[in-house]
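Asks: Provided below for reference: sequence and predicted model.
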Amino acid sequence: MKKKVKRFLKNPFAILINSFKIRSIQFIITISFTVITVIAMLFVGITLYNKFSISAEKNASLSTEQLVNQINSNIEYYLKSTTDVSNLLNKNIYLNQNIPNSKLQDQINVIQNIREDVTSLAVFSEKGELIIGSPMTTLKDKVNVVDQQWFKAALNKSDNVIFSLPHVQNLFQGKHDWVVSLSRVISFYKGDKKERGVLLVDMNFSTIGQLCQNVSIGKRGYIYIVDSDDNIIYHPQQQLINIGLKKENSEDFLGGYLEKSDEGNRLVTVKTVNYTNWKVVAVAYMSEIVASKQDITAFMGWVLFFCIIFIILIFAFISAKITHPIKELEKSMKKVEEGEFNIYVDVKGEDEVVRLSRAFNLMVSKVRMLMDQIIVEQEAKRKSELDALQSQINPHFLYNTLDSIVWMAENEKSEDVIIMVTALARLFRISISRGKNIITVEQEIEHAKNYLIIQKVRYKNKFQFEIVVQEEVLKYKTLKLILQPLIENSIYHGIEYMVDEGLIKISVAIVNGRLLYEVDDNGLGIELEKLEKLLEYETKAKAGSGVGVKNVHERIQLCYGKEYGLEIESVIEEGTRIKMWLPIVEE
């Protein structure tokens, strides 16, 4: 007796296996599938754990680098826009033969009003005399402009634009702004004498600070900016640095590196800003990165645990039920596989098998129904594609037209307002057409004419247009809104950037038993590489790459067939001709 008890204690699992031999199918299915699945999930879990452990820091580093690149791009864009302001002023000063003058003063005032971040604009002579500036202020007494750092830096580097460190600008009476100064050497005429001078553009420093203030790198991370000599330009904890409670270790290299500090190990990412050689520095704390990795690991562990428990239970349940009745159902499925759909399964067995049988019968019934409906669905799909292509309307056209009407109303150009509103009303009346997709050629020409009237007013008569239509084609039917995208393409990509006056010609005629629309312009033309791909069928298209023209081509072919559609001819610097072929439809 003691030996039997001892043997059971040594190998209880073997006794358990022997007790399940009566139900060997259930036991084998349960044990084999459970063991295989558990091993597979453990392998996947361990692999994923190692993968997440390695990639957590890489992802954190990549995320920080992307954030730094974004901040860097924003600062570069802002500094470039300010440099463009200085370039514009430099050009205008050079074109004005004698300064100061009222015209240049007006230009400076306009820039000052538009750019709220620019606190002051001024031109100084080489001796430090104020020549012209905005806002109209006077220099403070005893202020020596020549001794200003930005003034000396500009004279020492006459070929470059100079950006100063943040400072309080105390030159002008009543102004004490915290600014970053842009300065550069310029030439101007004072009387008949050509002199050198310095152009000053003061940017409100708070604008640069705002680009970095809302950035969050974890709970403790932050971003700061230093100049090429590692002097701090912006820091979210500037006060702590000023009183010596915090220090930053400046490294003379770019990219990312790990740094030890009193607050723990930190991941530091550095990126240089163009125009100034400033450096954007992002600081992320490794303790937060490790904590994130631990959270992911714990989550994966719980998921694996509950999945394993669930799989064990589900396999035990399934193995007890899938026996003989499932084989009967399998036979019926084979008949369906061979193409016999007029079949009904009545399998007796457990509830699960009965429900599966009912689901199988329902599936076969739905397959028969779907086979009957497939033609109707394909027709509905074709119609929905046609409607989707036709419904693409550019909202910017409406916004810009309404803006033009408001501008003309404010300037008391009532006749132009009447023309624009009338054309816009007719345009949308035809666009709506009581929901019809097919209209007459006369209506389509009227729609195009109103669109050209609106665009001509908006572009201030930058182009002329001509419309020639054979009288007999006006009664024929045509797809709605197929001319407007072609005209829009001619204006935006052909005529808008021309120096000379543009011309758009529209003609409609019957040629070789087909209806032919032609849209000609004398614009810039289309490059051969773009022309070859303009009508290709692509899932996605870049903005401004002829999407409207392509949609017209697709609509025509969806409605009338592949033998109809668009043909495009273009010569660079000479113009573009688009031929649109449609069948003659009287009703």
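Replies: Noted; the coordinates are in hand. What you see is a predicted model, and the numbers here were worked out from it, not measured in a lab.
Asks: do you have the strands of the stretch 51-200 of the chain handy? List them.
Replies: 118-125, 130-134, 162-163, 167-169, 177-190, 193-204 (DSSP state E, counting those that start in this stretch).
Asks: so can I have CSV of those strands showing distance to Ile29?
Replies: C-betas here are computed from N, CA, C, even on glycine. Listed next are the strands of the stretch 51-200 of the chain as CSV, based on distance: least, Cβ to Cβ, whole Å:
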stretch, distance to Ile29
strand 118-125, 78
strand 130-134, 86
strand 162-163, 75
strand 167-169, 80
strand 177-190, 74
strand 193-204, 75
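Asks: could I get the ones you listed as a markdown table with mean neighbour count and distance to Arg514?
Replies: Listed next are the strands of the stretch 51-200 of the chain as a markdown table, based on neighbours: other Cβ atoms under 10 Å; distance: least, Cβ to Cβ, whole Å:
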| stretch | mean neighbour count | distance to Arg514 |
| --- | --- | --- |
| strand 118-125 | 21 | 60 |
| strand 130-134 | 19 | 64 |
| strand 162-163 | 22 | 64 |
| strand 167-169 | 15 | 72 |
| strand 177-190 | 20 | 62 |
| strand 193-204 | 20 | 62 |
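Asks: can you check which of those gets nearest to Pro100?
Replies: Closest approach to Pro100 among the strands of the stretch 51-200 of the chain (Cβ to Cβ): strand 130-134, 4.0 Å.
Asks: next, count neighbours for Gly548.
Replies: As a burial measure, Gly548 scores 19 neighbours (other Cβ atoms under 10 Å).
Asks: before we move on, what about the one 5 residues further on?
Replies: Under the neighbour criterion other Cβ under 10 Å, His553 is assigned a count of 25.
Asks: related to what we said a few turns ago, of all the strands of the stretch 51-200 of the chain, which one is nearest His447?
Replies: The nearest among those, by Cβ to Cβ, is strand 118-125 at 45.6 Å.
Asks: what packs against that closest one?
Replies: Judged by 3 or more Cβ pairs under 8 Å, 6 or more residues apart in numbering; DSSP states H and E, the packing partners of strand 118-125 are helix 24-95, helix 102-114, strand 130-134, strand 177-190, strand 193-204.
Asks: what lines up beside it in the sheet?
Replies: Using DSSP bridges, the strands paired with strand 118-125 are strand 130-134 (antiparallel), strand 193-204 (antiparallel).
Asks: lowest-confidence stretch among those strands?
Replies: Lowest mean pLDDT of the strands paired with strand 118-125: strand 130-134, a mean of 84.
Asks: and the angle for that one with strand 177-190?
Replies: Angle, strand 130-134 to strand 177-190, by axes from the mean of the first three to the mean of the last three Cα atoms, to 10 degrees: 130 degrees.
Asks: who's in contact with strand 130-134?
Replies: For strand 130-134, contacts defined as Cβ atoms under 8 Å, 6 or more residues apart in numbering pick out 99-100, 104-105, 108-109, 111-112, 120-125, 138-139, 145, 172, 188, 190, 197.
Asks: please apply the same query to stretch 74-91.
Replies: With Cβ under 8 Å, 6+ apart as the test, stretch 74-91 has contacts from 107-108, 111, 115, 118, 121, 123, 161, 163, 182, 184, 186, 199, 201, 203, 207-208, 211, 225, 273-276, 278, 280.
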